[in-house]
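S.K.: Pasted the sequence and its predicted model underneath.
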Amino acid sequence: MNLYNKYILPHLINSVMRKKNKKKERTHVGQALGVVLEVGFGSGLNTPFYKKIEKLFALDTSKELYKIANSQIKSFNFPIEFIQGSAEKIPLGDEIVDCVVSTWTLCSIPHPKIALMEIARVLKNNGKFIFIEHGESTNKNEAMTQKWLTPVWSKIAGGCHLNREIDRLITEAGFKILNIEKKKVGLLNFMYKGVAIIKQ
């Protein structure tokens, strides 16, 4: 890990992810129930929106972001267990969580389909995958611009890809999408927000 990724990028990510427009969207994670795994816990900005959970597994590759979270999150009425690791190899057993939450995370995972298959593995049969992601625009011109910018953007934004087709990745990993909202939320920023379950 270079100095930029270790000391500068975590604070930039925390600052960007605290914006008001994202705070409004985060209410979506409030439907999570029971034992929850959050993939890409970051600096813990979803934590205040969990209302009915029993325990939170907080998975992230960045120890630096978790340190920021520790200094910001208040005491909650559920335990939080931090797990430093990758979503491509989740260090939990099969069918162990009721819900998995991912917010603005699949864009930066090197192999998102592998990560989604791991998410399916740790989910109980009746579990839900709750997601808020950004990815490829449905507008062809914007999608082409996203594709052109992604190689440069990913180098300065922690591996973030602007142009991943989130719904296709989710369904190809064995999920059925129950509901999804797609909308443009900024310049070259296209959001996918929804809930999926494992196909039976």
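M.R.: Thanks, I have it.
S.K.: what's the burial count for Ala115?
M.R.: 23 (other Cβ atoms under 10 Å). In this view, the C-beta of every residue, glycine as well, is placed from N, C-alpha and C.
S.K.: Ala87 is in contact with that one, correct?
M.R.: Yes. Counting by Cβ atoms under 8 Å, Ala115 does reach Ala87; the two are 3.8 Å apart.
S.K.: and for these two, which residues touch both?
M.R.: Taking Cβ atoms under 8 Å, 6 or more residues apart in numbering as the contact rule, Ala115 and Ala87 both touch Val39, Ile109.
S.K.: Which residue ranges of this structure form helices?
M.R.: 3, 9-17, 20-25, 63-72, 112-122, 140-156, 166-172 (DSSP state H).
S.K.: and of the ones you listed, who's closest to Leu37?
M.R.: helix 112-122 (6.2 Å; Cβ to Cβ).
S.K.: Pull up the gap between the residue of the chain most remote from its centre and Lys147, please.
M.R.: Residue farthest from the centre of the chain, counting by Cα atoms, centre = their mean, is Asn141 at 26.0 Å. Asn141 is 11 Å from Lys147, where distance means Cβ to Cβ, to the nearest Å.
S.K.: And Arg168, by the same measure?
M.R.: Arg168 is 15 Å from Lys147, by Cβ to Cβ.
S.K.: can you list the residues that contact stretch 47-61?
M.R.: Contacts to stretch 47-61, defined as Cβ under 8 Å, 6+ apart, come from residues 26-27, 29-30, 32-42, 44, 66, 69, 73-74, 76, 78-87, 90, 92, 97, 99.
S.K.: how about the residue farthest from the centre of the chain, what does it touch?
M.R.: Counting by Cβ under 8 Å, 6+ apart, there are no residues that Asn141 touches.
S.K.: Averaged over its residues, which helix or strand of this structure has the lowest pLDDT?
M.R.: helix 3 (a mean of 66; mean pLDDT, DSSP states H and E).
S.K.: Number of residues surrounding Glu136?
M.R.: 21.
S.K.: for Lys23, what are its contacts?
M.R.: Lys23 is in contact with Leu45, counting by Cβ under 8 Å, 6+ apart.
S.K.: And it, how far from Leu45?
M.R.: According to Cβ to Cβ, Lys23 stands 8 Å off from Leu45.
S.K.: likewise Ala157?
M.R.: For Ala157, the distance to Leu45 - Cβ to Cβ - is 17 Å.
S.K.: More neighbours: the two, which one.
M.R.: Leu45 (21 against 17).
S.K.: Contact partners for that one?
M.R.: Contacts of Leu45 were listed using Cβ under 8 Å, 6+ apart, and they are Asn14, Met17, Arg18, Lys22, Lys23, Arg26.
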